[in-house]
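Asks: All I have is the shape, not the residue letters:
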């Protein structure tokens, strides 16, 4: 007879809210083990007793057969004296000790629940809040850890007798499902008019909404993550009214389609994109539109791509089934504000936008936008990290102090480093997308997100990491030390952390703006990561940016600044505003910049694609869309030898101006311009000689530029890395700030001080 032993097991990672305890219970019972399993602030805690070979096999099966939405970062176990227990059970959650487990993410409706929703014989037929242990809301409703019903906004709903039986049955997929509910005991829908008066009850609300959408009305729909503003995507009049009411001139609207088949009628869909659409994360996927599609032109003006998602909640599935057509599903907010999550707030902020409101009585704890993802080299690249991905932690091989990162001014996210006890690893939790910190509402959301993460993990930070620019958000909470991190260095560290790359590495960080060590606006940087800090190995030649941050909205101003750098007063033709001439001549409100993002704007203006923009990066996007891919040609450029190397764009710009005079098509000019940038990266990388190259910053959201650059670097023998799980734009900054701050503290790297602190330029 085999000797009996007992082990204690702590499983760390994303292991709560995904059916992990029921899985362990069934597995242990099947293998004849006794003991117990429970949630704890550190993860899932198990004590299992049985023959040692059975326990070894149990640990192997736990690691390899766990629920699909679980993610194990570590399994720690130790031996105990056997207790002679007779059963295996699920115990009440433990609440003591540091909070270290991953917060569960929101998961799209699973196939089993979907089958129930559309089965007339099922008691959950057309019930819009159906879920089980493998799907449903998590992050949007959890209030504290560990993940139990009492710690969620579902605590006010008491399970009926049938739901309780499911909850207590080990063979049911709702066994210990904390959010279990049905129409007898769970949340319900109502349809409200603009005055907040009920005009549709649970039994007919969805049918009335479907009819309203088909008739061209705009409906505010409270879903899982907050409100969507929805309209018929084929109805040009409805889409235009939505644009006017929301004050959103041209930025593309996202759409929700009823099925994968309907998406294929609108867009080209490859294998990677299909997997993304059908994934449990169910993000908005950027897809190339098909010619002659039925979508209204105003959904995505001057844009060959659509952002499309499939229904990801029972409510969405039922609504899309009733309408049978693609719908605009844009964030329920006014321009530059967080999305509304409360029905009374929605009435106040969206009352002049939506004609009707579909609401429910399940509270949403925090706003979370839909994530945006696209295919790059057959792999997902996250553009906006929110529902389905946030706040999944990024594990780093470093023992970090408890640190809060304030992120960037645009596309803000915040982050929290959670120490893992005696482990040499740490967990960096990145918040959901917060947005541009331009309004009082987003500023409040910024502080709320930081407090939210601190409270969930019960962490009092030792360090605050924030951007170098003095006008960026001040220290968001009290801490022993504040570390200021240069913007592009944070970009580079973010990508290195994502790929677990140690120094040395060459970071290519290109974007619109970041405050530099010399008091200028950086944005065309080659930063060599060293053991203790970084060296600015190369950068683009600087040029004047008349009006500072105003130039980001007026590409024509940037173009005039570039030409003034070359031609002086000859750059003026009399059509430019007199104030612009005065600023350049007197060097007033004309900070100098090395920004590649602004180079994109200038070229877009020079070739006649876009003189002004209504949203960030619009000119650069339209310049990319214009690319004619039948040329491998590139423009001349120069690299001035020195320390740092200076990439001189003047030969390129002079040739572009000559091409414009010769009436060369904008598509050819755009292709040559993009190709030139890729050549510059390869050239500088070869001169510096570091084998690993990291591509980061908002410019590398440009698919053509990224693919062209990677191919050139690969052809030269470099190992190239780009962002996949963390946004390459400023949404990834907070991760890099935490790693950069930790390096400063640990390795005694140089303190980032301005070489010229008397001049603080204004820029976005």
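Replies: Great, that's in hand. Keep in mind it's a predicted model, so treat the numbers as computed, not measured.
Asks: Please count neighbours and contacts with C-alpha atoms only from this point.
Replies: Will do.
Asks: Contact partners for the residue most central in space within the chain?
Replies: What sits nearest the mean C-alpha location of the chain, by C-alpha atoms, centre = their mean, is residue 385, with 1.4 Å. Counting by C-alpha atoms under 8 Å, 6 or more residues apart in numbering, residue 385 touches 371, 372, 432, 433, 726, 727, 731.
Asks: Next, count neighbours for the last one.
Replies: Looking back up the chat, that one is residue 731. A total of 30 residues lie near residue 731 under the criterion other C-alpha atoms under 10 Å.
Asks: That one reaches residue 409, doesn't it?
Replies: No: the pair residue 731 and residue 409 fails to qualify as a contact (C-alpha atoms under 8 Å) at a distance of 9.6 Å.
Asks: taking the contacts of residue 385 one by one, which sit in strands?
Replies: Judged by DSSP state E, strands contain the following of those: residue 372.
Asks: quick one, phi/psi of the residue lying closest to residue 15 once chain neighbours are set aside?
Replies: The shortest distance from residue 15 to any non-neighbouring residue, by C-alpha to C-alpha, 6 or more residues apart in numbering, is to residue 70 (5.2 Å). Dihedral pair for residue 70: phi -80, psi 150, per degrees, to the nearest 10.
Asks: Just the strands from the stretch 301-450 of the chain, written as ranges.
Replies: Secondary structure of the stretch 301-450 of the chain (DSSP state E, counting those that start in this stretch): strands at 305-309, 327-331, 356-360, 372-376, 379-384, 394-396, 403-405, 415-419, 426-430.
Asks: Mean neighbour count, those strands: which tops it?
Replies: Of those, the one with the most neighbours on average (mean count of other C-alpha atoms under 10 Å) is strand 403-405, at a mean of 33.
Asks: Quick check: what element follows whichever strand or helix holds residue 89 along the chain?
Replies: Using DSSP states H and E, residue 89 sits in strand 88-90. Counting by DSSP H and E, the element after strand 88-90 in chain order, helix or strand, is helix 111-117.
Asks: Pull the residues that contact that next one.
Replies: Helix 111-117 has contacts (C-alpha under 8 Å, 6+ apart) with 122, 124, 125, 126, 127, 128, 130, 131, 132, 314.
Asks: chain center to that helix, what's the gap?
Replies: Centre-to-centre, helix 111-117 and its host chain are 28 Å apart (C-alpha atoms, centre = their mean, to the nearest Å).
Asks: domains in the chain, as residue ranges please.
Replies: Following automatic domain parsing, one gets these domains for the chain: 4-90, 189-373, 505-733.
Asks: so residue 659 touches residue 667, yeah?
Replies: No: counting by C-alpha under 8 Å, residue 659 stays clear of residue 667, with 11.5 Å between them.
Asks: More neighbours: which of these two?
Replies: Shown here are residue 659 and residue 667; by other C-alpha under 10 Å, residue 667 has more neighbours (19 against 16).
Asks: and the more buried one, what is it in contact with?
Replies: Applying C-alpha under 8 Å, 6+ apart, the residues contacting residue 667 are 626, 627, 628.
Asks: same question, residue 644
Replies: When contacts are counted by C-alpha under 8 Å, 6+ apart, residue 644 is found next to 536, 537, 538, 539.
Asks: Okay, residue 455 and residue 142: tell me how far apart.
Replies: Going from residue 455 to residue 142 by C-alpha to C-alpha, to the nearest Å gives 12 Å.
Asks: Between these two, which has more neighbouring residues?
Replies: Neighbour comparison, residue 455 and residue 142: the larger count goes to residue 142, with 25 against 15 (by other C-alpha under 10 Å).
Asks: need the longest helix for the chain.
Replies: The residue-count maximum for a helix in the chain (DSSP state H) belongs to helix 666-688.
Asks: packing partners for the next helix or strand along the chain from that helix?
Replies: Toward the C-terminus, helix 666-688 is succeeded by strand 692-696 as the next helix or strand (DSSP H and E). Counting contacts by 3 or more C-alpha pairs under 8 Å, 6 or more residues apart in numbering; DSSP states H and E, strand 692-696 packs against helix 487-498, strand 505-515, strand 719-722.
Asks: Relative to residue 617, which of the ones you listed is closest?
Replies: Across the helices and strands packed on strand 692-696, residue 617 has its closest neighbour in strand 505-515 (8.6 Å, C-alpha to C-alpha).
Asks: and the closest one, what does it pack onto?
Replies: helix 487-498, strand 521-529, helix 596-606, strand 692-696.
Asks: Dump these into a markdown table; add mean pLDDT as well.
Replies: Converted to a markdown table, the helices and strands packed on strand 505-515 look like this (pLDDT from 0 to 100):
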| stretch | mean pLDDT |
| --- | --- |
| helix 487-498 | 97 |
| strand 521-529 | 97 |
| helix 596-606 | 97 |
| strand 692-696 | 98 |
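Asks: now those in JSON lines, with distance to residue 741?
Replies: Compiled in JSON lines, the helices and strands packed on strand 505-515 are given as follows (distance: least, C-alpha to C-alpha, whole Å):
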{"stretch": "helix 487-498", "distance to residue 741": "9"}
{"stretch": "strand 521-529", "distance to residue 741": "14"}
{"stretch": "helix 596-606", "distance to residue 741": "26"}
{"stretch": "strand 692-696", "distance to residue 741": "19"}
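Asks: hang on, residue 432 packs against residue 391?
Replies: Yes: assessed by C-alpha under 8 Å, residue 432 is found in contact with residue 391 at 6.3 Å.
Asks: ok, back up a step: now a ChimeraX select for only the buried ones of the contacts of residue 644.
Replies: A single ChimeraX command selects the buried members of the contacts of residue 644 (16 or more other C-alpha atoms under 10 Å):
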select :536,537,538,539
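Asks: So which of the contacts of residue 644 sit within helices?
Replies: Among the contacts of residue 644, no member falls in helices (DSSP H).
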